[in-house]
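Visitor: Build me a model:
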Amino acid sequence: MNFCLLQAHALLLLTALALAGCGQTLVDGIAEDGSATTLVASAGEPSSVASSLFALTTENESPMTLEHSEFGKTPDGQVIELYTLKNTSGLTVKLINYGATVVSVETPDSDGKLANIALGHQSLENWLANPCYFGCTVGRFGNRIAGGVFGINDNIYTLAKNDGANHLHGGVNGFHKMLWTAEGSTAEDSASVVFTRTSPDGEENYPGNLQVSVTYTLTETNELKIHYTATTDKPTVVNLTNHTYWNLTGNAAEQTVLDHELTLNCNLYLPVNEQLIPTGDMAAVADTPMNFVAAHKVGDRIADVPGGYDHCFIVNRTIDGLTQAARVYEPNSGRVMEVFTTEPGIQFYSGNFLNGQPANGGFGKHHGFCLETQHYPDSPNQPHFPTTRLNPGETYETTTVHKFSVYKQAR
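Guide: Reported below is the predicted structural model:
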């Protein structure tokens with residue numbers, strides 16, 4: 001039984017009802033401002049940060065490459081593994097098994113020049129701490145749970161309050177602080193790494209032994225696919241997402257994301273209180289600074305959003321499966337990133353808490369943005385939201401795809 005598909009028709013009805021109440025018409029597509037070309041091929045290998053190369057077995061010849069090396073060691077001496085995936089266009093993705101984390105994503109600009117468009121740290125020490133969650137897999141529950149408490153049946157579960165009075169991203173020692181088992185492979189047109197772990201019953205006080213897998217796949221068609229699965233032996237809640245910060249200029253140290261042009265295929269969003277917990281309402285984006293149905297620069301109206309953007313948007317959906325949720329265009333480099341997902345929501349975060357300190361990678365406020373595909377924040381406490389409950393015998397399964405491209409001529 002597929003956990004996500006069980007909810008699809010109910011979600012469509014819920015969204016339609018909300019739209020009707022707001023007087024909005026559901027949008028089938030996503031606004032485009034031009035057709036993007038495929039990535040420009042580029043020579044040149046990424047610089048290696050590996051200290052030793054592990055043996056890697058591949059079953060067939062492939063134009064894709066996958067290297068396996070040592071990234072560093074945890075304080076107790078466990079090896080952190082680095083996987084480097086590369087396609088023939090030059091697109092290069094680096095992953096580590098600490099937190100099942102995206103370390104970097106190098107893509108060409110419109111001139112074919114490679115640059116890293118994902119924010120990260122310069123030292124192992126900061127990767128181990130990673131208070132901003134750069135690139136990592138967050139869970140068991142991505143985003144916030146109000147009051148750090150939720151109930152299942154007659155049981156009440158009290159969680160760590162690691163975000164003021166609330167629970168955030170799975171707690172103090174969530175999935176982002178765990179060393180995952182990893183296995184890499186290549187196929188004719190892709191390279192993949194599968195990260196797996198068992199989250200034991202009671203970890204961060206969540207119920208049930210949770211078997212989790214996260215598969216990253218880089219394709220020859222310049223897509224980075226992330227596929228999540230989970231099963232449990234007790235009723236629990238699950239809401240996994242990836243927390244990569246993006247800056248398509250390729251120069252996040254010096255450039256903000258305020259001139260990035262964002263499109264969201266979302267007619268509704270979730271208003272939040274002062275603690276960033278959803279109020280329970282679903283509001284229309286029309287005539288508000290939340291309206292990205294047509295492309296707007298991130299910075300155009302950010303001054304009208306107290307604290308900046310950190311809101312969950314409801315993805316317009318008329319069919320099950322992958323749906324385009326977002327598109328981002330950076331005019332100077334020509335880089336484009338599109339996001340497709342099976343999830344009902346996407347959290348747009350404009351890097352409001354980045355402060356230029358080493359623990360934050362040295363990046364200043366608004367020097368990166370996140371587009372976190374997920375179920376809604378605080379869903380366990382808001383029964384009219386799509387459920388995040390997972391029962392024994394069910395399989396949690398969700399997919400998100402990032403597709404990278406460029407314009408031949410940047411504006």
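Visitor: check contacts around the residue lying farthest from the centre of the chain.
Guide: Distance from the centre of the chain peaks at Asp154, with 32.6 Å (CA atoms, centre = their mean). With contact set as CB atoms under 8 Å, 6 or more residues apart in numbering, Asp154 has no partners. Quick note: C-beta positions are derived from backbone N, CA and C, even for glycine.
Visitor: pLDDT score for it?
Guide: On the pLDDT scale, Asp154 is placed at 93.
Visitor: repeat for Phe150
Guide: 98.
Visitor: roughly how far apart are the closest residue to it other than its chain neighbours and Gly151?
Guide: Spatially, and ignoring its direct neighbours in sequence, Phe150 is nearest to Pro380 (3.7 Å; CB to CB, 6 or more residues apart in numbering). Here the distance between Pro380 and Gly151 works out to 8 Å (CB to CB, to the nearest Å).
Visitor: repeat for Asn251
Guide: For Asn251, the distance to Gly151 - CB to CB - is 47 Å.
Visitor: One more: Leu264?
Guide: Distance from Leu264 to Gly151, by CB to CB: 32 Å.
Visitor: Could you do Phe195 as well?
Guide: 30 Å.
Visitor: Could you check which of those two is surrounded by more residues?
Guide: Each of Phe195 and Gly151 has its neighbours counted (other CB atoms under 10 Å); Phe195 has more, 26 against 10.
Visitor: all helices for the stretch 51-200 of the chain, in order.
Guide: With helices called from DSSP state H, counting those that start in this stretch, the stretch 51-200 of the chain shows them at 124-129.
Visitor: for it, what are the low-confidence residue spans?
Guide: Filtered on pLDDT under 70, the stretch 51-200 of the chain yields the residue ranges 51-61.
Visitor: ranges for the strands of the stretch 251-400 of the chain?
Guide: Using DSSP state E, counting those that start in this stretch, the strands of the stretch 251-400 of the chain run over 261-264, 268-269, 283-284, 296-297, 310-314, 323-329, 335-341, 345-349, 370-374, 389-390, 396-406.
Visitor: likewise the stretch 1-150 of the chain?
Guide: Counting by DSSP E, counting those that start in this stretch, the strands of the stretch 1-150 of the chain are 65-73, 79-86, 92-96, 101-108, 114-116, 137-138, 144-145, 149-152.
Visitor: between those, which one is nearest to Phe369?
Guide: Counting by CB to CB, Phe369 lies closest to strand 101-108 out of the strands of the stretch 1-150 of the chain; the figure is 13.8 Å.
Visitor: about what we covered before: nearest approach to Ala160 belongs to which of the strands of the stretch 251-400 of the chain?
Guide: strand 370-374 (19.2 Å).
Visitor: contact partners of the closest one?
Guide: 142-143, 239-246, 312, 325-326, 328, 339, 341, 343, 345-349, 351, 398, 400.
Visitor: Just give the number of residues close to Leu354.
Guide: If we define neighbours as other CB under 10 Å, then Leu354 has 21 of them.
Visitor: wait, Ser123
Guide: With other CB under 10 Å as criterion, Ser123 counts 11.
Visitor: Tell me who's in contact with the residue most central in space within the chain.
Guide: Nearest to the mean C-alpha position of the chain, counting by CA atoms, centre = their mean, stands Asn242 at 3.0 Å. Asn242 makes contact with 102, 135-138, 226, 372-373, 400 under the criterion CB under 8 Å, 6+ apart.
Visitor: Then Thr400?
Guide: 225-226, 242, 339-343, 373.
Visitor: How much space separates it from Ile226?
Guide: Taken as CB to CB, the span from Thr400 to Ile226 is 5 Å.
Visitor: do the same with Ala160
Guide: In this view, Ala160 and Ile226 are 25 Å apart by CB to CB.
Visitor: who's more crowded, these two?
Guide: Ile226 (22 against 16).
Visitor: State the pLDDT value of that one.
Guide: pLDDT recorded at Ile226 is 98.
Visitor: Report the beta-bridge partners for it.
Guide: Tyr216, Thr400 (DSSP bridges).
Visitor: Throw the contacts of Thr400 into JSON lines and include distance to Phe385, thanks.
Guide: Output for the contacts of Thr400, formatted as JSON lines (distance: CB to CB, whole Å):
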{"residue": "Lys225", "distance to Phe385": "26"}
{"residue": "Ile226", "distance to Phe385": "22"}
{"residue": "Asn242", "distance to Phe385": "21"}
{"residue": "Val339", "distance to Phe385": "21"}
{"residue": "Phe340", "distance to Phe385": "22"}
{"residue": "Thr341", "distance to Phe385": "17"}
{"residue": "Thr342", "distance to Phe385": "16"}
{"residue": "Glu343", "distance to Phe385": "13"}
{"residue": "Thr373", "distance to Phe385": "15"}
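Visitor: Now a ChimeraX select for only the buried ones of the residues you listed.
Guide: Applying 16 or more other CB atoms under 10 Å to the contacts of Thr400, the buried members can be selected in ChimeraX as follows:
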select :225,226,242,339,340,341,342,343,373
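Visitor: which of the contacts of Thr400 lies closest to Gln255?
Guide: Val339 (20.7 Å).
Visitor: how close does the spatially closest residue to the closest one that is not a sequence neighbour sit to Leu114?
Guide: In this structure, Val339 finds its nearest non-sequential neighbour in Ala326, 4.2 Å apart by CB to CB, 6+ apart. Separation of Ala326 from Leu114 (CB to CB): 23 Å.
Visitor: next one: Tyr216
Guide: For Tyr216, the distance to Leu114 - CB to CB - is 19 Å.
Visitor: Counting neighbours, go ahead and name the busier of the two.
Guide: Shown here are Tyr216 and Leu114; by other CB under 10 Å, Tyr216 has more neighbours (23 against 19).
Visitor: ok, the more buried one - contacts?
Guide: Counting by CB under 8 Å, 6+ apart, Tyr216 makes contact with 85, 93, 95, 102, 192-193, 195, 224-226.
Visitor: run the last query once more with 10 Å
Guide: Contacts for Tyr216 (CB atoms under 10 Å, 6 or more residues apart in numbering) come out as 83, 85, 93, 95, 100, 102, 137, 182, 184, 191-195, 224-227, 242.
Visitor: Find the residue closest to Gly361 in space, skipping its chain neighbours.
Guide: His121 (5.2 Å).
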